[in-house]
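J.: predicted model follows, preceded by the sequence.
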Amino acid sequence: MQLKKLVSLVALLIGSVTTQAGKPNIVFIMADDLGWADVGYNGAEFYETPNIDALCKAGMEFSAGYPGAANCLPSRACIMSGMYTSRTKMWQPGKVAKGEPAFMRLLVPNQSNKRGDGTIPSKTALDPSVVSLAEMLKQVDYKTLHLGKWHLGKDGQGFDQNNTDGRGAGLKMDNRLYGNIDVAEWMTDTAVDYIAENKDDPFFLYLCHWDVHVPLNARKNVVEKYKTKLASKKWSRDWDPVYAAMVEAVDVSVGRVWQALKENGLTENTLLIFTSDNGGYGGATWNAPLKGSKGGFYEGGIRVPLCMSWPGTIEPGTVCETPVTGVDYMPTFAELAGAQLPDPKSQPLDGVSMVPLMKGKSIADRAIYWHYPMDLNGKVMVKPVFGTDKMYWRATPCSIVRMGDWKLMQFFETGTTELYNVKEDIGEKNDLARQHPEKVDEMLKSLIKWQRETGADIPSSLNPGFDPTFNAKPQK
């Protein structure tokens, strides 16, 4: 009898180990507004990211990593739902375009006419009926914790816990923790404890930092460190010591979470991801050599740092040049966990699994897309008011497609397109549309087909209040 009990116990333990090994933990760490050029492994001159750089070296760098959108709310919706923004209808946190309505040639939801012409839905919450990453993983017995910024509405989308500050604050505190100098440490403390407490069960930890989003604020001693560094020599730019200190807060968090995985013997059974929700904010950092900034769809707004580590599965020191995007996380996590994807009739799958890429293999050629039917102004201006040379917009209504090394941008205000080879011209300095009309035609057909299939709302009505001579100061 004792032997039978022993055999049963051994079988139970083996079964537990097998189950855990077959369901890797997933730790997803995301900074807010951290630019592609803000990390050391992408050539950051002033900011210090030793832990992120070490993580990249220990795993795989995705050199063409993209979010599904150029700002926070729609980007996070793409991650959590696996659907493009043209399906979620989530564009801006405030539902409306930002900027002087008189400078908007097309009728879009704006401050003076919040409903636009009624043809462009604008949502600020993910529908509760959407099956989230957390709900998908819970179906196969994952424990789930979301820490930090949420930005997807009042529904927690199935997470066991939604803790926006690391100290138990629920979703009611979402959007109220920007500039808090302690919140990165609070959330990391909770993440470290969570890893230790759940080391025997598969878990999904979604750690979304509030840093480096404005307002800029950081601990004085760390700021002083960077002030001293700034004064030590002549730099190429007038770097902001406060922003640098906020970058360091995120980097320290990555290091602590990674160390917790090591101390609990979980690194070989954990996929650890680090990325950002969109490109760097032009009022806080520089995105050079990339063009544009957060909110816009040149590379400065949509190319982000992305690296993953998973010892034994991802070969250290590798680089993946295949473009990937935010809607790819759902099929990736489903494959890793053996989870069933949502019903495509109600929740179409827009992404593909990145698992082959993690293993050094290839995936089938495909196009990736972005859509934004709004206007957005800001400090880094890349588009003028229609019919003038007055630079004002960081984004105007547009759709974008990337196919291989090529990127096509379709602008609805002007009815024009721009074409770039972003592998050879990462700074998008040379518009090749005239030199390659056949490539424009090919990519535009693909883009229009995608717009129809996903129900992309395209503004077409002229704004009766459009007045390009209106002498208004750009809003911040």
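T.: On my side now, so go ahead.

J.: who touches the residue nearest the centre of the chain in this structure?
T.: Closest to where the C-alpha atoms of the chain average out (CA atoms, centre = their mean) is D277, at 2.5 Å. Counting by CB atoms under 8 Å, 6 or more residues apart in numbering, D277 makes contact with M30, A31, D32, D33, P67, N71, C72, S75, R76, C208, V304. In short, each C-beta sits where N, CA and C put it, glycine included.

J.: so which of those residues comes closest to G158?
T.: For those, the minimum distance to G158 (CB to CB) is 14.8 Å, reached by R76.

J.: could you look up the SS state of the closest one?
T.: Three-state assignment for R76 (DSSP: H, G, I helix; E, B strand; the rest coil): helix.

J.: that one and L133, how far apart?
T.: 11 Å (CB to CB, to the nearest Å).

J.: ok so, going back, now the residue nearest to the centre of the chain, nearest residue through space, not along the chain?
T.: Nearest residue to D277 in three dimensions, chain neighbours excluded: S75, at 4.5 Å (CB to CB, 6 or more residues apart in numbering).

J.: which residues does the one you found contact?
T.: Contacts for S75 (CB under 8 Å, 6+ apart) come out as P67, G68, A69, D277, N278, G326.

J.: pLDDT at it, what is it?
T.: Note on S75: pLDDT of 98.

J.: how about R115?
T.: Looking at R115, the pLDDT reads 69.

J.: then W450 would be within a strand, right?
T.: No: assessed with three-state DSSP, W450 is helix; it does not lie in a strand.

J.: against G265, how distant is it?
T.: Look at W450 and G265: by CB to CB, they are 45 Å apart.

J.: between the two, which is the more surrounded one?
T.: Each of W450 and G265 has its neighbours counted (other CB atoms under 10 Å); W450 has more, 19 against 10.

J.: thought the more buried one was touching A367?
T.: Yes: with contact defined as CB atoms under 8 Å, W450 and A367 form a contacting pair (7.3 Å).

J.: any residues in contact with both of the two?
T.: Counting by CB under 8 Å, 6+ apart, the common neighbours of W450 and A367 are V401.

J.: where do the helices sit along the stretch 1-150 of the chain?
T.: Assigned by DSSP state H, counting those that start in this stretch, the stretch 1-150 of the chain shows helices spanning 2-22, 50-58, 72-81, 85-88, 133-138.

J.: now do the stretch 251-400 of the chain
T.: 299-302, 329-337, 355-358.

J.: just want the angle from the second one to helix 72-81.
T.: Helix 329-337 and helix 72-81 are oriented at 30 degrees to each other (axes from the mean of the first three to the mean of the last three CA atoms, to 10 degrees).

J.: same for helix 329-337, what does it pack against?
T.: strand 25-31, helix 72-81, helix 133-138, helix 355-358 (3 or more CB pairs under 8 Å, 6 or more residues apart in numbering; DSSP states H and E).

J.: hmm, try it at 10 Å
T.: Packing partners of helix 329-337 (3 or more CB pairs under 10 Å, 6 or more residues apart in numbering; DSSP states H and E): strand 25-31, helix 72-81, helix 133-138, strand 270-276, helix 355-358.

J.: now do the first one
T.: Using 3+ CB pairs under 10 Å, 6+ apart as the contact criterion, the neighbours of helix 299-302 among helices and strands are strand 367-372, strand 391-395.

J.: just checking, what packs against the first one?
T.: Counting contacts by 3+ CB pairs under 10 Å, 6+ apart, strand 367-372 packs against helix 72-81, helix 85-88, helix 299-302, strand 398-403, strand 406-411, helix 437-454.

J.: deepest of those, which one?
T.: Of all the helices and strands packed on strand 367-372, helix 299-302 has the most neighbours on average by mean count of other CB atoms under 10 Å, namely a mean of 30.

J.: for it, list the C-alpha coordinates in CSV.
T.: The C-alpha trace of helix 299-302 is given here as CSV (Å, rounded to 0.1, in the frame of the first residue of the first chain):
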residue,chain,number,x,y,z
GLU,A,299,8.7,55.0,-37.8
GLY,A,300,9.2,57.3,-34.8
GLY,A,301,5.6,56.7,-33.8
ILE,A,302,5.3,53.0,-34.3
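
J.: what mean pLDDT does that helix get?
T.: 98.

J.: next one: stretch 123-138
T.: So the average pLDDT for stretch 123-138 ends up being 97.

J.: next, the buried residues of it.
T.: 123-124, 126-127, 130-138 (16 or more other CB atoms under 10 Å).

J.: re the thing from before, now tabulate the helices and strands packed on strand 367-372 in a markdown table and tack on distance to A245.
T.: As requested, these are arranged in a markdown table below (distance: least, CB to CB, whole Å):
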| stretch | distance to A245 |
| --- | --- |
| helix 72-81 | 21 |
| helix 85-88 | 32 |
| helix 299-302 | 22 |
| strand 398-403 | 34 |
| strand 406-411 | 34 |
| helix 437-454 | 41 |
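
J.: those: which one's closest to K98?
T.: helix 72-81 (12.7 Å).

J.: only alpha carbons, please: show the closest one as CSV.
T.: Listed next in CSV are the C-alpha coordinates belonging to helix 72-81 (Å, rounded to 0.1, in the frame of the first residue of the first chain):
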residue,chain,number,x,y,z
CYS,A,72,-1.6,54.1,-25.8
LEU,A,73,-5.3,53.2,-25.8
PRO,A,74,-5.6,51.6,-29.3
SER,A,75,-2.2,49.9,-28.9
ARG,A,76,-3.2,48.2,-25.7
ALA,A,77,-6.5,47.1,-27.2
CYS,A,78,-4.6,45.4,-30.1
ILE,A,79,-2.5,43.5,-27.6
MET,A,80,-5.4,42.4,-25.4
SER,A,81,-7.8,41.5,-28.2
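
J.: so how far is E263 from N269?
T.: Counting by CB to CB, the gap from N269 to E263 is 14 Å.

J.: between the two, who's got more neighbours?
T.: When N269 and E263 are compared for neighbours, N269 comes out ahead with 20 against 13, by other CB under 10 Å.

J.: and the residue nearest to the more buried one when sequence neighbours are not counted, what's its pLDDT?
T.: Sequence neighbours aside, P24 is the residue nearest to N269 in space, at 5.2 Å (criterion: CB to CB, 6+ apart). We have a pLDDT of 98 for P24.

J.: so which of the helices of the stretch 251-400 of the chain comes closest to F470?
T.: Among the helices of the stretch 251-400 of the chain, helix 299-302 comes nearest to F470, with 25.8 Å by CB to CB.
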